[in-house]
Each structure stands twice: as structure tokens, then as C-alpha cells.
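Asker: predicted model follows, preceded by the sequence.
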2 protein chains.
Amino acid sequence: MNAPTPSAHLAPAILSREVPQALIDALKARFNERCSTALVVREQHGRDESAFAPVPPPSAVVFAESTQDVADAVKLASQYSVPVIPFGIGSSLEGHLLAVQGGISIDVSRMNQVLSINAEDLTVTVQPGVTRKQVNEAVKSTGLFFPIDPGADATLGGMSATRASGTNAVRYGTMRENVLALQVVTAQGDIIRTGTRAKKSSAGYDLTRLMVGSEGTLGVITEVTVKLYPLPEAISAAICSFPSIEASVRTTIQIIQMGIPIARVELIDSNTVRMVNAYAKLGLKEAPLLLMEFHGSPASVKEQAELVQEIASEFGGMEFEWATTPEERTRLWTARHNAYFAAIQSKPGCRAISTDTCVPISRLADCLLDSVVEADASGIPYFLVGHVGDGNFHFGYLIDPDKPEERETAEQLNHALVARALRLEGTCTGEHGIGLHKMDFLLTETGEGAVDMMRTIKRALDPKNIMNPGKIFTL
Amino acid sequence: MNAPTPSAHLAPAILSREVPQALIDALKARFNERCSTALVVREQHGRDESAFAPVPPPSAVVFAESTQDVADAVKLASQYSVPVIPFGIGSSLEGHLLAVQGGISIDVSRMNQVLSINAEDLTVTVQPGVTRKQVNEAVKSTGLFFPIDPGADATLGGMSATRASGTNAVRYGTMRENVLALQVVTAQGDIIRTGTRAKKSSAGYDLTRLMVGSEGTLGVITEVTVKLYPLPEAISAAICSFPSIEASVRTTIQIIQMGIPIARVELIDSNTVRMVNAYAKLGLKEAPLLLMEFHGSPASVKEQAELVQEIASEFGGMEFEWATTPEERTRLWTARHNAYFAAIQSKPGCRAISTDTCVPISRLADCLLDSVVEADASGIPYFLVGHVGDGNFHFGYLIDPDKPEERETAEQLNHALVARALRLEGTCTGEHGIGLHKMDFLLTETGEGAVDMMRTIKRALDPKNIMNPGKIFTL
């Protein structure tokens, strides 16, 4: 298994197709002021949180307000064989939103209605522009919550499209496990439904899960039905510092292997603690720490916490600091969620190149520790956070976008890390998606045969190659 | 939404294609005595547990012993455009194994090696002919177990292909949630891998979940990697009788809505209790009962059981009878698993037409109770069991296969039940698959657009339509 050379990741291949004026005119006629060709709007829709150098923005942005709007926009684009890039809130880390083959952006952020809350079935159906915080606000009075938390307040459309997960996935699963049904606009502009609100089904091909993680390349998601969970009777969060990253990782591995149903177990390395302290005026001890959360009945939470404390202390973990009130918990999790922004702010003008490997839990220490050594040796500043209970972690290499040598070094580090993760039977991406950044890694990971099958599906469902083309694989 | 007429389900459409002698000769040359054309062998491979009238069996049966065997058999079949039907243990309930378009059967039951147990990662990789009991036997010493339990001791290949689930799914999920990775032989005879042993991934299209539930129509599964779980520290099983089916169902709904992490909650109606008592010489009270199991720490199991007892008593549930030793538990679950055979034996010579609807939990009573009234009024004897915690249940209408009017009545009951489940936002099949039996229901459930997308994928991946053709949908 040969990993590709890092240089392949430095700049996206641009293969811009012409967007005829006739299409723009038709979109303007259909959408009036909801079709914008203003440069500032187009530029805002032609970038994301990835570290790629800018590419020319889409030729127009359509602000969709309904499924029919999306269907009509796709039909017009299809008529002219012009690419369509769905846009939620712009929080992709992998270049998903870059118009590398030109085209138009369909912004679904105005499709932000919670359509139906079925509390008695533990499901909610929303439009794709609804964000995860908005879902939780909407269902608050029902005693239920939506656990998937990728950090950013991403939209459920975007989270579905990238098969997102985050801090709670160790207990509640990812979008893969939590999306029950979708409404999708196909490449032909048709509207289809996949799945039902039933908890399980064997009714034909699992189109829901084919769409989840397809990164906009097979259709535009226009409705999402997800599972909700009863708010735990008791929630308790704690941080625990460790003498080394290894000690924190070994603690995590044992928690998982023992089957303790921990709800969150997040690693934050000492670099990142320092950045977060500076950013949010916190006084966390500058050492590797695990940020944990326990959900359950009061007795179960107590039992889990005791077991975890016992394991942690075996590995030299310090005293637990507890946060039991919602306010204290929010403060801790805000610190975790701000890690990315804290890191960016620690090096003005920098961009972060984020890694996303995920390995079987027993391989976590092997995968992570060697990469820490390499990152330290490189001289590139970085942050390191991880959903370590799932074997998933992120280095964020902080590069000066104007210094190609920093980008090259960061990509080499990423390359070495991915190669290591694949040797350890892991994946190049636990939750961010392939986008533009990991197309070569995907080939290495899954092999030409599986990628060919993906290409065959793509060609069959989108013969004009208009749905977010140039992402995941080359055709 | 118009449900199709029941008569469509009475007999499978047969569209047999010629199997050239040259293919048989080539298979014999490649597989020697492992390619059988003996009628008794072919007939055994041309039927399953469904109630369909017999159709002509496959022209040959290849006993594969390796992935390469499967690949070679598929390549030869492809060369002659001849259908291929994978065969595990023959426990399909939906006609999946009937050679309705002729062809050859590939029996993978000799591919029954447990390839690697990765206890420290809670995963196991097996060949497709390994059965669920065999997995559990193999991992017993590790303190882990594989929870998916569809009743029959099915193979993991077959369970993957039908997206099976069963009694433990309410807590541990279905094959959808538990298959991590597959090896698959494609319609071209190529060998591909999907997924890795990492717990989560966003690496491209979710081919694993596209294959899971594809019923042999997209490829032959030749390796399966599934999740394992730590054996709970404490397990406790109980039965509780209720004054009515409604009371048992309302109890279940409340258990689920409260988020109690019950591991199993199975309904057995009084008909079935009577049949099971007769079959297994048990003395269970002839009333609707819930058979439940609780997994966790001793404290958690106690807590769950107390909550459930409280709910049950509100609905008139009688005293719990506990089974805490493994032997007592096995006795109870054997009773549950024998329900099908007990029912068949209660009417000599009968076949069971099994329903498989699954609805959102709040709709369970609405869906089930009216169907009980209809079944009682029909005069057809039946059994009723259900994975009610998931909103999934099975009527088994016991028909005399030689009496078309009984088959017609049973199909009318099934038809009314499916129509009701779909109105209640459920699915026609929770776990058995579409097969031959529910093709019209699938169309009604998901709509022409979604089925067209399935057909497009099928045509693209299997242009000669040789992989288990005639199942799930017509092309």
C-alpha cells in the first residue's frame, strides 16, 4: 500500500467549465434578487475553512427557500451542464465548497425550518439549513436532544453530506447512525425520499446512507430526519490532566475496551491548552488533558465516573475537576469548541491544515504518538485535539499561507500520519470527508476497485457530472 | 399512496434464462466435484423459508471455499450472462434464493472461517458462511459477544445481505450499524474492499452500507467485519404477562420513550404462547407476554428492571418471572426462537406467510391492534411475535399451501397491514428484506423516484443483470 506523495495535496486541480449567460439569465428570471452575481457574495460562497489557495468563485449564488427552488435551480443547471455546489454554512474543512470546475452555488441556509418534532418517536425532521444548535433549541422543551456535535454550528444538510460526527459520537454514533430519512434533489432535478421514520428497515438499497457522506456529489439534501435522545437524567463533565499524551491515550483505550458508556472523551494536548487559555482566559493546567462527559441515571453516572477515575489514576492522571452545573459544563465545552479558533488566533494570518485520521482503538497510541514526535520535530506550530474514544484525532498544522515551504512541511506530516493510520487498518478521514484534500488518500485506503465502484455510481446517477464535481475522486 | 393489490404477491414472476452447457462444463472443470448438478442439491438451493410455490431450481451449485472461488464462478457466469444466487444457510423468508431467472447458486457455507478476532478493538472478521452462533462461540473466551440475533442461526453473509436484526437490535442496532467493513465480489468478478476496522469514517461513498441490504443483487459478500461488545457484567431476563396485547404494547412504548436502555423487549401473543408451550413442553401462562432482557452493571440492571416493572404494573402487567442464570435465560430465549417452528408444527403441512412491518414507536399500538382484529376475523391461524421495542413485529399466517384461498386471505391481511404501516410512516420490512415478496410494497413505500435510483445503481454496477436478478425490483 503506497501512500501518494504529499505534493498532490497542495493545490486543487482547476478545470473550470463555462457558465453560459443564458443560465444566469434564466436563474435571475426564476429567482429574481435571490440569484446573486455580486462578487462579494460569490466569493463568500467559493471558499470554506480549508487551507486551499483561493480559486475563482462560482458564477452565481441561488438562495433557495424551498425544495422546489433547489429542484428548479438544479434543472436549469442540468439543462446547461453546469456544476452545482450546495452551500450550508461554509464550515467544511476539506475544500468541498470550492468551485474547482466553476458553476453555481445553491445556498440552503434560508431553508432553516424545523418541519416536525415527533417527540414521542424520538425523531425530528428539518430543512437542510437548520444548524445543530437550532435543532437543540427547538426540541429543548421536549426533554430530548440531538447529540451530534462536530464543533462548528454546522447545518444538518452539511453534516449529512460529510457524514459528520464529533464529540458525542463515541456514545451516540455519527450521522451515519443517526439520519433516518432524507429528501434529496437528484442531478436531474427530481425530488426523492429515502428511508422512513421507522427505526430500522430492510426496504431495498440504503439510499439514505449512500447520500450521507456523498459530499454533494450525488444530489442536494433538502430534508433530514434524525434521531433524538432523551436528555440524560444526570450529566457530569470532568477534566483530568495527565503527565503525557501517552498516559491520556492509554486511559482512553482502556475506558473503551471495558465498554464504559462514556458520552464524550476528548483529548486536548498541552499546546492547545495553552492556546485555549490565552483565547478564553481560562486557567487550565498546561498538560495533556482529557475532557469527559458521563450521561445516565445518577447511579450510572457515578459508577462510570468511579471506574474512569480508577483507570486514569493507574496511568498517572491527576485529580478530576468536576463540572456538574450546565454553566460549568458549557464553559468547558466552549473551551474545547474554541480550540480551532484559539489556535488560528495564536498565529495571526495563519491557516490550519487539519488531519482527520481514525484508527481502531487499540492502534490509537501507535498512530498518535509517533505523529506527535514528527510534528514536534518539524517546527510547525500545531494544535492537537481528538475524539479519542473513537480513535479519531486532529492535528491542526498552523501554516503561513504565503510560505509554500510551511504548507509542504504540513502536508508531509499529514502524509506520514495518513500512511501510518492506513497501515494500522484505519481511515484517512473519520469525519471531515474527502473533499479535494484526500482524494489520493482515498485511493490508497480503499483501493482502485472500490473507488471505481464509486465512480460508476456517480456516472450513473449524475451523467453530466454537475453535482459538486471534482470532489472525492477524479472521474 | 395506493398500496398494490395482494394478488401481485401470490406467485413470483419467472423469466428463466438459458444456462448454456458450456458454462456448466467450465464450472465443472474449475470446481470438479464442488460443482454439483444433482437435482436434490439444486432443489435444496432453489428454495428458502418463504411460502412461495416452488420454481425450477438453479442449474448448478458451486460450493465455494475461498473468495477466489467466488470470483472465478462469477466471472464464468458473467461470461455467459447467467444469473448468480449466493446461498448461505437458506433461512431467507422472502424468496431471495429462488432462481426465478434461472442461473447458478454459489453456496458459501464452506467459507466458514473466523479470520481474525481483534478483541482489543471489539471487532471480528469472518467469512460469509460463519453463523452468528459460531461467531459467539469463537469469541467466547474474549469476554465479548456479537449481539445481532435474527432468530435463525443465519450466516453473517446472509445477515449482511438482508440487513438483518432481531431481538437485540433495540439496544445494539442492526447489521446496518454493526458491519464495519466488507469484502465483496462484484458482478464483474472483481474483489473489492469497503470500509476499514476504524469505528467511523467519512471516506467516500458508504459502499459498505450500500452492500448491506442489497440482497445479493450488487455483489457476493465474501468477508464481513462486525463490531463486538463487552459481555455485560450483569444480564437479567424476565417475562411478564399482560391482560391484553394493547397493555403489553403500551408498556413497550413507554419503556422506549423514557430511554431505558433495555437490551431486548419481545412480544409474544397468547396464540404463540400456546404453540410454544405445546412444542417445547413449557408452562407459560397463555396470555400476551413481554420477554425482556436487561444488560449492564448490576446496579444499572436493577435500576432498569425496577423502572420497567413500575411501567408494566401501570398497564396491568402481572408479576415478573425472572431468569438470571444462563440456563434459565437460554430456556426462555429458546422458547422465543422456536416460535416459528412451534407455529409451523401446530398446523401440519402448513407454510407461514410472515409479515415484517416496522413503524415509529408511537404508532405501534395503532398499527398492531387493528391488524390483530383483522387476523382474528379472518379465521386463518397465526402467530404474532415482535421486536416491539423497535416498532417491528411479525404475524405468521399459517396457510395450507394447497389452498389458494388461504394464501389469498393471508396476502390480503398482509396487504392491509403494510398499507396501515406505510400510512403511519413506517416500512414494509424491518429486517427480512424485499426479496420477491414485497417489490410492490417497496414502490409504494419509497416512491418511483427512489426505486428508479436503485435501478440505476443496479444497472450501472451489474449491466448484465446477473446478480440475483428479479429481486427487490423489476428492471
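Answerer: Arrived safely, thanks for sending. Residues are numbered from 1 along each chain as shown, chains lettered A, B, ... in the order given.
Asker: shouldn't A:Ser91 be in contact with A:Glu49?
Answerer: Yes: using CB atoms under 8 Å, A:Ser91 is in contact with A:Glu49, at 5.7 Å. Bear in mind the C-beta positions are built from the backbone N, C-alpha and C, glycine included.
Asker: what is in contact with these two at once?
Answerer: The contact sets of A:Ser91 and A:Glu49 overlap at A:Ala152 (CB atoms under 8 Å, 6 or more residues apart in numbering or on different chains).
Asker: for chain B, what are the nearby residues on the stretch 51-200 of chain A?
Answerer: Of all the residues in the stretch 51-200 of chain A, those in contact range of chain B (CB under 8 Å from any CB of the partner chain) are A:118, A:120-123, A:162-165, A:169, A:173-174, A:176-177, A:186, A:190-194, A:196-200.
Asker: try it again at 7 Å.
Answerer: When proximity is defined as CB under 7 Å from any CB of the partner chain, the stretch 51-200 of chain A approaches chain B at A:118, A:120-121, A:123, A:162-163, A:165, A:169, A:174, A:176-177, A:186, A:190-194, A:196-200.
Asker: could you tell me which of the residues you listed are located in helices?
Answerer: In helices, defined here by DSSP state H, the members of those are A:169, A:176-177.
Asker: closest one to B:Tyr205 out of those residues, please.
Answerer: Comparing these against B:Tyr205 with CB to CB places A:Arg176 closest, at 11.9 Å.
Asker: show the contacting residues for the closest one.
Answerer: Taking CB atoms under 7 Å, 6 or more residues apart in numbering or on different chains as the criterion, A:Arg176 is in contact with A:163, A:209, A:212, B:206.
Asker: next one: phi and psi at the last one?
Answerer: In terms of degrees, to the nearest 10, the main-chain angles of B:Asp206 are phi -80, psi 70.
Asker: same check on A:Asp69?
Answerer: The phi/psi pair for A:Asp69 (degrees, to the nearest 10) reads phi -60, psi -50.
Asker: okay, buried residues for the longest helix along chain A please.
Answerer: Using DSSP H, we find that the single longest helix of chain A is helix A:439-461. Neighbour counts over helix A:439-461 (16 or more other CB atoms under 10 Å in any protein chain shown) mark A:439-447, A:450-455, A:457-458, A:460-461 as buried.
Asker: likewise stretch A:322-340?
Answerer: Neighbour-count burial for stretch A:322-340 [16+ other CB under 10 Å]: A:323, A:329, A:332-333, A:335-340.
Asker: tell me the one among those nearest to chain B.
Answerer: For these, the closest approach to chain B (CB to the nearest CB) belongs to A:Tyr340, at 17.5 Å.
Asker: how much space separates that closest one from A:Asp269?
Answerer: Note on A:Tyr340: its distance to A:Asp269, by CB to CB, to the nearest Å, is 14 Å.
Asker: over to A:Thr427?
Answerer: 22 Å.
Asker: who has more neighbours, those two?
Answerer: Between A:Thr427 and A:Asp269, counting by other CB atoms under 10 Å in any protein chain shown, A:Thr427 is the more crowded of the two (30 against 25).
Asker: so the more buried one touches B:Thr196, yeah?
Answerer: Yes: taking CB atoms under 7 Å as the definition, A:Thr427 is a contact partner of B:Thr196 at 4.9 Å.
Asker: show me where the stretch 351-475 of chain A has strands.
Answerer: With strands called from DSSP state E, counting those that start in this stretch, the stretch 351-475 of chain A shows them at A:351-354, A:382-387, A:392-399.
Asker: how much space between the residue nearest to A:Val114 when sequence neighbours are not counted and A:Ser116?
Answerer: Closest residue to A:Val114 apart from its sequence neighbours, by CB to CB, 6 or more residues apart in numbering or on different chains: A:Ala138 at 4.4 Å. With distances taken as CB to CB, A:Ala138 is found 10 Å from A:Ser116.
Asker: who's more crowded, those two?
Answerer: Using other CB under 10 Å as the criterion, A:Ala138 and A:Ser116 rank with A:Ala138 on top: 16 against 11.
Asker: helix, strand or coil for that one?
Answerer: Look at A:Ala138: counting by DSSP: H, G, I helix; E, B strand; the rest coil, its state is helix.
Asker: any idea how far chain B is from it?
Answerer: As judged by CB to the nearest CB, to the nearest Å, A:Ala138 and chain B stand 19 Å apart.
Asker: ditto for A:Asp462
Answerer: Distance, A:Asp462 to chain B, by CB to the nearest CB: 10 Å.
Asker: quick check on the closest residue to A:Glu319 other than its chain neighbours: phi, psi?
Answerer: Nearest residue to A:Glu319, sequence neighbours excluded (CB to CB, 6+ apart): A:Cys240, at 7.5 Å. Main-chain torsions, A:Cys240, degrees, to the nearest 10: phi -140, psi 130.
Asker: what residues does the stretch 351-475 of chain A put near chain B?
Answerer: A:358-362, A:390-392, A:425-434, A:442, A:445-447, A:449-450, A:453-454, A:456-457, A:459-461, A:472.
Asker: likewise for the stretch 201-350 of chain A?
Answerer: Residues of the stretch 201-350 of chain A lying close to chain B (CB under 7 Å from any CB) are A:201-207, A:209-210, A:212-214, A:229-230, A:257-259, A:297, A:299-300, A:303.
Asker: select from those every entry located in strands.
Answerer: A:229-230 (DSSP state E).
Asker: quick check on the residues of the stretch 201-350 of chain A next to chain B: which are buried?
Answerer: Judged by 16+ other CB under 10 Å, buried ones among these: A:201-207, A:209-210, A:212-214, A:229-230, A:257, A:259, A:297, A:300, A:303.
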